[in-house]
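Chemist: quick check, what structure comes out for this input:
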Amino acid sequence: MNKIFTALVFIGVPLSVVGTFMHWSSILLFIIYCITIIALASFMGRATESLAVVAGPRIGGLLNATFGNAVELIISIFALKEGLIGVVLASLTGSVLGNLLLVAGLSFFVGGLKYKRQSFNVFDARHNSGLLMFGVIVAFVIPEIFTKTMTKNDTLNFSVGISIILITLYLAALFFKLVTHRGVYLTDDKNESRNHEEEPEWGTRKALIILALATLAVAYVSENLVHTFESVGEAFGWSELFIGVVIVAIVGNAAEHATAIIMAYKNKMDIAVEIAVGSTLQVAMFVAPLLVLLSLMFPVAMPLVFTLPELITMVTAALLMITISNDGETNWFEGATLLAAYFIMGIGFYLL
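Modeler: Numbering: from 1, shown residues only. Got it, this is the predicted structure:
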């Protein structure tokens, strides 16, 4: 599989450059861009997996989530530049749904087919549950309620205030997990010791160089991908909402999708869960508010206000994930439940 992705990178990147300058068909370019980004994301996933072996599951999961979300952040910034506010908000929704339902669901399902019962750090799960309640339910639902009677300018000011609070709390959460309470909540997990015995695929320096180069390549391809959205949407009858929730979210989170499933198959559930849930928290509490603040530099600013379908699906996904993960154990049926919820919501967004 790695050889296939390597070939796709060395073919896809030159084709993306040539196709852009030669003005090929938007649909053809859309397909080339998506495949290239997914292939580049696999390199990012392998690099962060190598770093995770050295740094441990928590930091490894955080690195994977960060660089995985970097792809979506880059796509969203270029979409903001083009004034595609609906696509950006929809992609944030899709990222939350994709991580909590698709990534976690596939991880639990694939890992559960090999192991009847898989466990992960229950203290991390409960800590993340509280942050999910705040980051997804409180921070996204409250603005929708209050902004009903606000002017456009007040709505934007309110969104900026919420964004600053979210980023501050997210940084405090990282400080809590990685500094003040690092090692306080540990479980006797045999996977942890096995983690330290495993040899990384790439050394630290090589992994960091590959991460940097892949991120630069993704930035270039993503900018061109955004320009194809309108033409592709008209050709296939896709709404702006569906493109953001499903297409951009899946392409933007390809690195996390692949790595989390591989980690679950290897019974490294601490890393798999940290990728799925940690990435969601990063999107809700860092990426989304950061985009709100960055949008102030563009002609059209983005308030942190979602549509009703987006809000209801995100809240449902968060509550379902909290219910399933709070016991620190999982199996294939729980994974199937998450996947079923994702497909139901995906059909709904397609038909909207």
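Chemist: can you pull the contacts of residue 55?
Modeler: Listed by C-beta atoms under 8 Å, 6 or more residues apart in numbering, the contact partners of residue 55 are residue 63. Where you see a C-beta, it was placed from the backbone N, CA and C, and this is true even at glycine.
Chemist: how much space between it and residue 182?
Modeler: Residue 55 is 12 Å from residue 182, where distance means C-beta to C-beta, to the nearest Å.
Chemist: what about residue 335, how many neighbours?
Modeler: 24 (other C-beta atoms under 10 Å).
Chemist: and what of residue 4?
Modeler: 10.
Chemist: in the helix or strand harbouring it, which residues are buried?
Modeler: If you go by DSSP states H and E, residue 4 is part of helix 2-22. Within helix 2-22, the residues that count as buried by 16 or more other C-beta atoms under 10 Å are 5, 8-9, 12-13, 15-16, 19-20.
Chemist: average pLDDT across the helix or strand that it is followed by?
Modeler: Sequence-wise, the next helix or strand downstream of helix 2-22 (DSSP H and E) is helix 26-55. In this model, helix 26-55 has a mean pLDDT of 82.
Chemist: name the residues of helix 26-55 that are buried.
Modeler: Buried, per 16+ other C-beta under 10 Å, within helix 26-55: 26, 29-30, 32-53, 55.
Chemist: equivalent analysis for stretch 335-346, please.
Modeler: 335, 337-339, 341-342, 345-346.
Chemist: just checking, next helix/strand downstream of the helix or strand of the chain with the lowest mean pLDDT?
Modeler: Across the helices and strands of the chain, the lowest-confidence element by mean pLDDT, DSSP states H and E is helix 190-197, at a mean of 50. Following helix 190-197 in sequence order, the next helix or strand is helix 204-226 (DSSP H and E).
Chemist: helices and strands around the helix holding residue 4, which ones?
Modeler: The contact analysis (3 or more C-beta pairs under 8 Å, 6 or more residues apart in numbering; DSSP states H and E) places helix 2-22 against helix 26-55, helix 204-226.
Chemist: for residue 329, find the nearest of the ones you listed.
Modeler: helix 26-55 (21.9 Å; C-beta to C-beta).
Chemist: got the angle between the closest one and helix 2-22?
Modeler: 140 degrees (axes from the mean of the first three to the mean of the last three C-alpha atoms, to 10 degrees).
Chemist: one step back: using CSV, lay out the buried residues of helix 2-22 together with pLDDT.
Modeler: Listed next are the buried residues of helix 2-22 as CSV, based on pLDDT from 0 to 100:
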residue, pLDDT
5, 80
8, 87
9, 87
12, 89
13, 89
15, 92
16, 90
19, 90
20, 87
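Chemist: just name the closest of those to residue 314, please.
Modeler: Closest to residue 314, out of all of the buried residues of helix 2-22 and judged by C-beta to C-beta, is residue 5, at 30.5 Å.
Chemist: can you classify residue 306 as helix, strand or coil?
Modeler: Three-state assignment for residue 306 (DSSP: H, G, I helix; E, B strand; the rest coil): coil.
Chemist: how about the contacts made by it?
Modeler: 89, 92-93, 140, 144, 314.
Chemist: how about a cut-off of 7 Å?
Modeler: Residues counted as contacts of residue 306 (C-beta atoms under 7 Å, 6 or more residues apart in numbering) are 89, 93, 140, 144.
Chemist: now the first one: how far from residue 96?
Modeler: I take that to be residue 89. For residue 89 relative to residue 96 (C-beta to C-beta), the value is 11 Å.
Chemist: looking at the two, which is more packed in?
Modeler: Taking other C-beta under 10 Å, residue 89 and residue 96 do not tie; residue 96 has more neighbours (29 against 25).
Chemist: which stretches of the protein have low pLDDT?
Modeler: 1, 56-58, 60-61, 64, 68, 183-198, 252-256 (pLDDT under 70).
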